[in-house]
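>>> Need a 3D model of the following:
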Amino acid sequence: MDFLEKTFKLKQHGTDVSTEITAGITTFITMVYILAVNPNILSASGMDSGSVLTATAVASAIACFCMAAFSNKPFALSAGLGLNAYFAYTVCVGMGYSWTYALTAVFVEGVIFIVLSLTNVREAIFNAIPKNLKIAVSVGIGFFITFIGVQNAGVIVDGATLVELFGFNASLSNGTFSNAGISAILALIGVLIIAGLLIKGVKGYMLYGILLTWLLGMLCQLVGLYVPNPDLGYYSVIPTSIISAPASMAPTMFKMDFATAFSHLLEFVVVVFAFLFVDIFDTLGTVIGCASKADMLDEDGKVEGIRGILLADAVGTVVGSLLGTSPITTFVESSSGISEGGRTGLTSIVTGFLFLVALFLTPLFLTIPSFATAPALIVVGFLMMQQVTKIDWTSDFTEAIPCFCCITMMGFAYSISDGISFGIISYTILKLITGKTEDLNPLMYILSVLFILKYFLI
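The predicted model follows:
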C-alpha cells in the first residue's frame, strides 16, 4: 500500500486504493464492448477478427499503462469508435485500399501525434480553447454519452423523425414483451438502480448498478422473458464458458504497406490528415470533459500534465497500428470511473490490467449485455451535464452562443470533434464581428480556418 501511495500520490488526490480499483473496474466494464465491436467493424476491411480482438486488448492495456506512467491520470484508452468506422468503411470499402494501407496511415498518424505532443503543439491547442468552451465540451460530452446510452439501451431508435422513442406498446405480444422491449425496460430499470444508489451515497454505485442490471437480465432469461436469438442480435446474458485462449496477432501484426502509400501519396496524406484531425479533437474533447468532471482544470482551464496525457494517446495509436488495430484514443467512458472517485493513474492501471485479463476471459466479458452498461453511460451523462450551470448564459452572448453550438452539435452530429469545430468556428466569428478580438488566442484563427477547410475539402 505504501508503494501505491508513493507512486500515485493517492492521499494528495483525495482517493485510496479501493476507490481506484472500483473506478478502474467500472471504467473497464463500461468500455469492454469495444472488444466485440472493433473486430466486427474492422473485419469489414478483410482483417482477421480474432487477431483484431487480441491486438485491441493488448494495445488498450499498453496505452492505459502509458497514461498512468506519463500523467498519473485516471483516463482509459482503446480503439476509437468513428475512427475504426472510417478505417474500415471509408478507406478500405469506400476508397478501395487494403487494410495494410490503412494500418500504415494509422502508424504515420501516430508518429505525427508523438511529434506534436513532444513539441507542445497539441498542448498549445488545448490551452488555446477558451475556458467557457471547455466547460461546454464537458456538457456536450454529457449530452453525447447520454445519447449513446439511450441508443445502446434500445430506448431511442431510428424512426421517421431520425430518432424516436422505442414503441413499448408495439413490442407487446400476448402480454409479453419482445427481446427489444425487455432490453429497453431493463436498461431503464438499471438507470433507476444506479440513480438510487447514487442518491444513497453508495460507494461503487456505478459498478453495482451494472452488475445488478445484468443479474436481472439473467433472471429474465431463466424465466423465459428474454429469449436469446443471435440472428437478431440478442445473445445469451448467462455465460456458458469463462476461459478461452487469446487468438494470435500474427495475421495483423507489423503488416504495413508503405509501397502503396508512397505510390498514392496525395490520397495517403488526405487519409492521414483525416485520422489525425478526428483523433486530435476527439482526444482533446474527452480529456477536457473528463478533467472538468474530476475538477482537474485549474482556474485558467488548463490541466496539469496534459503533455503526458496526449503522449500516452499518441503512443497507444502507434502501438495499436503495429499490432493490428485502428487508432487508440482516450475513451469518454473514463468518466464512469471518475464518477466512482477515480483520480489517479492507478485507475488506468486497473483498467489496463483487466484488458489483459479479458484476453483469457473473453466469453465472460462479452456476455455483459449493453442494457446493463447503457444505464451507467446515461447517469454519467447526467453528472457531466451538471456543469452547464458554470456557463454564463446571459451577460455575453459571444461566449454563450458558441457554447450552445458546441453542446448541441456534439450530440446531434454524433461527434465530439464536430461539436468542438462548431464551437470554435462560431466563437471566432462572433468575437470578430463584435470587435472583441482581445478574447481570441491567435491559434483560434488558425483552428477556425482549418475546421472550415476540413468541412469543404475532406
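>>> Tell me which residue is most central in this protein.
Taking CA atoms, centre = their mean, the centroid of the chain lies closest to residue 331, which sits 3.0 Å from it.
>>> just checking, that residue touches residue 77?
Yes - the pair residue 331 and residue 77 qualifies as a contact (CB atoms under 8 Å) at a distance of 6.1 Å. In short, each C-beta sits where N, CA and C put it, glycine included.
>>> phi, psi of residue 441?
When read as degrees, to the nearest 10, the backbone of residue 441 gives phi -70, psi 140.
>>> Residue 303 too?
When read as degrees, to the nearest 10, the backbone of residue 303 gives phi -120, psi 130.
>>> mind listing what the residue lying closest to residue 15 once chain neighbours are set aside touches?
In space, and not counting its chain neighbours, residue 15 is closest to residue 343: 4.5 Å by CB to CB, 6 or more residues apart in numbering. By CB atoms under 8 Å, 6 or more residues apart in numbering, the contact list for residue 343 reads 13, 14, 15, 20, 74, 294.
>>> Count residues in the vicinity of residue 442, would you?
Other residues near residue 442 come to 9 when the count uses other CB atoms under 10 Å.
>>> And for residue 222?
11.
>>> which residues sit against stretch 184-191?
The contact list for stretch 184-191 (CB under 8 Å, 6+ apart) reads 152-155, 166, 168, 171, 177, 209-210, 212-213, 216-217, 220, 370-372, 374-376, 378-379.
>>> Among those residues, which are located in helices?
In this view, those that belong to helices under DSSP state H are 152, 209-210, 212-213, 216-217, 220, 370-372, 374-376, 378-379.
>>> Can you tell me which of those is nearest residue 83?
residue 152 (18.6 Å; CB to CB).
>>> what's the pLDDT at the nearest residue to that closest one once chain neighbours are set aside?
Nearest non-adjacent residue to residue 152, counting by CB to CB, 6+ apart: residue 374, 4.0 Å away. For residue 374, the pLDDT comes out at 87.
>>> Residue 374: neighbour count?
Residues near residue 374, counting by other CB under 10 Å, number 30.
>>> Equivalent analysis for residue 346, please.
Around residue 346 there are 27 other residues, counting by other CB under 10 Å.
>>> In contact with it, which residues?
The neighbours of residue 346, taking CB under 8 Å, 6+ apart as the test, are 4, 7, 8, 10, 17, 20, 21, 24, 68, 74.
>>> Now stretch 164-181: buried residues?
166, 171, 177, 178, 179, 180, 181 (16 or more other CB atoms under 10 Å).
>>> Rebuild those as TSV, extending it with pLDDT and distance to residue 113.
Shown next, in TSV, are these (pLDDT from 0 to 100; distance: CB to CB, whole Å):
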residue	pLDDT	distance to residue 113
166	90	40
171	82	45
177	82	47
178	87	45
179	89	42
180	90	40
181	92	44
